[in-house]
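K.L.:
Here you go, sequence then predicted model.
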Amino acid sequence: MSAQPEVVAQAVDDLVRTVAGVEDLYSARPLLARAARRLVAEDEPLTLVQSRGGVLEVTVSIAVAVDGDAAADIAAAAAEAAHNAVTGAFLPEAADARVRVRVSRVITNDPMPPVTDATSTTH
């Protein structure tokens, strides 16, 4: 890999945050790894970048704000942005990079139905 994983991860974080509908990013590392890394580096990228068997693997965990069923479209746009960050800006030789986007939270913009009080009566 011609660029450091942390540099690539930060570029992915930055680009995915610009995708319309991405509300937030979360750490893509498993809980124990995340806790151990927090002891060493407080302000680290949230995207996980690894090389396995010569193939670059990028994992991004996002929250999306949607109207209706648009979460899959937003996740696809986030995956495309992450792949572009990896292959375009840093690793043009890594065109076969695998990008995984986990939608960790869906925040709906649909209005809530009115709340009714079942105990009240009208006279």
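P.N.:
Arrived safely, thanks for sending. Numbers count the residues shown, from 1 in each chain.
K.L.:
all strands of the chain, in order?
P.N.:
Listed in chain order, the strands of the chain (DSSP state E) span residues 22-26, 48-52, 55-66, 98-108.
K.L.:
Mean pLDDT per helix and strand in this structure: which one sits at the bottom?
P.N.:
Least confident helix or strand of the chain, by mean pLDDT, DSSP states H and E, is helix 31-40 with a mean of 56.
K.L.:
pLDDT weak spots in this protein?
P.N.:
For the chain, the stretches with pLDDT under 70 are 1-3, 31-42, 67-69, 88-95, 109-123.
K.L.:
now do 80
P.N.:
Applying pLDDT under 80 to the chain flags residues 1-4, 30-44, 54-55, 66-69, 87-97, 105-123.
K.L.:
what packs against the lengthiest helix in it?
P.N.:
Ranked by residue count under DSSP state H, the longest helix found in the chain is helix 71-84. In this structure, helix 71-84 makes packing contacts with helix 5-16, strand 55-66, strand 98-108, judged by 3 or more C-beta pairs under 8 Å, 6 or more residues apart in numbering; DSSP states H and E. For the C-beta atoms, the positions are set from N, CA and C on the backbone; glycine is no exception.
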